[in-house]
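1. Pasted the sequence and its predicted model underneath.
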Amino acid sequence: NTLPTSDSGAPHTLEHLLLGKGSKGARLSTVQGLLLGSSSAFTEKTRTVYHFHSGAGVESFLVLLQVMLDALLRPDFTDEEVRREVCHMGIFKEDATGAFTLEEKGTVYNEMLSTYDRANQQVFHLLNRRMYGDGHPLACEAGGTPAGIRALLPDEIRRFHATWYTLCNMGMVLCVSNRCNVTQLLQSVGDMLVGFAVATPRVPPDHNLV
């Protein structure tokens with residue numbers, strides 16, 4: 001569960017940062033390749049979903065799960081990585097004239113700028129605000145509006161992570177082969193989760209959407 005509190009796009013930005021930035025994100029990318037793994041993620045209105053698999057067997061899957069949880073729960077991305085992923089000013093050279101100009105860049109910013117170029121997206125956002133009222137999680141844009149993303153700072157992203165990225169606020173759907181020892185697998189996953197729970201104890205956030 002990752003309920004937005006504004007149009008800054010903190011849920012969407014974290015989705016990008018956690019899977020590829022910092023030494024934890026880089027390690028996840030490396031281990032994933034070595035263990036024949038694949039992963040992706042998407043941000044919905046009130047939750048962020050991370051899905052992955054490994055084609056190298058149960059033991060490799062458990063290693064990948066450990067690395068994935070470490071990246072999600074204990075990230076170490078830098079402020080500079082946040083700036084480049086979110087929104088920053090970049091220099092652009094015109095090929096025809098050779099003139100230099102400044103333009104707004106950023107992976108998340110460019111994605112949502114394209115999204116909000118569509119009139120229907122702007123209408124839906126306005127309707128949600130009128131239905132739920134300003135400040136309600138369902139009225140906020142989890143992906144971020146261009147204006148909101150411009151104002152998003154590293155401290156806000158880290159506060160959002162500290163609030164929502166805790167085991168007591170997460171769920172897991174586990175799909176395994178019928179050839180594996182399910183009891184042993186669940187025991188291994190349970191022991192892993194207990195380890196993370198002890199290392200990162202936090203109070204569950206408020207999920208009230210009324």
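-> Sure thing, it's come through. Residues are numbered from 1 along each chain as shown.

2. Tell me who's in contact with residue 39.
-> 19, 28, 32, 50, 51, 52, 53, 68 (C-beta atoms under 8 Å, 6 or more residues apart in numbering). (C-beta placed from N, C-alpha, C; glycine too.)

3. In a markdown table, list these along with distance to residue 8 and pLDDT.
-> Formatted as a markdown table, the contacts of residue 39 follow (distance: C-beta to C-beta, whole Å; pLDDT from 0 to 100):
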| residue | distance to residue 8 | pLDDT |
| --- | --- | --- |
| 19 | 19 | 90 |
| 28 | 25 | 93 |
| 32 | 29 | 91 |
| 50 | 21 | 96 |
| 51 | 25 | 93 |
| 52 | 27 | 92 |
| 53 | 32 | 89 |
| 68 | 25 | 95 |
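
4. Inside helices: which ones of those?
-> Counting by DSSP state H, the contacts of residue 39 place 19, 28, 32, 68 in helices.

5. any idea how far the last one lies from residue 121?
-> Separation of residue 68 from residue 121 (C-beta to C-beta, to the nearest Å) stands at 31 Å.

6. Repeat that for residue 156.
-> In terms of C-beta to C-beta, residue 156 sits 23 Å off from residue 121.

7. Can you pick out the most distant pair from the ones in helices among the contacts of residue 39?
-> Greatest spacing in the ones in helices among the contacts of residue 39, by C-beta to C-beta: 19 and 32 (9.4 Å).

8. what number of residues lie near residue 139?
-> Using other C-beta atoms under 10 Å, residue 139 is surrounded by 19 other residues.

9. Distance of the nearest residue to it once chain neighbours are set aside relative to residue 5?
-> Nearest residue to residue 139 in three dimensions, chain neighbours excluded: residue 132, at 4.0 Å (C-beta to C-beta, 6 or more residues apart in numbering). Note on residue 132: its distance to residue 5, by C-beta to C-beta, is 13 Å.

10. Repeat that for residue 198.
-> 28 Å.

11. OK, contacts around the residue nearest to residue 166 when sequence neighbours are not counted?
-> Once flanking residues are discounted, residue 166 sits nearest to residue 202: 4.0 Å by C-beta to C-beta, 6+ apart. By C-beta under 8 Å, 6+ apart, residue 202 lies in contact with 162, 166, 168.

12. before we move on, what about residue 102?
-> Residue 102 neighbours (C-beta under 8 Å, 6+ apart): 89, 90, 91, 92.

13. Would you mind putting these into a markdown table with distance to residue 79 and pLDDT alongside?
-> Shown next, in a markdown table, are the contacts of residue 102 (distance: C-beta to C-beta, whole Å; pLDDT from 0 to 100):
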| residue | distance to residue 79 | pLDDT |
| --- | --- | --- |
| 89 | 16 | 72 |
| 90 | 17 | 74 |
| 91 | 20 | 79 |
| 92 | 23 | 78 |
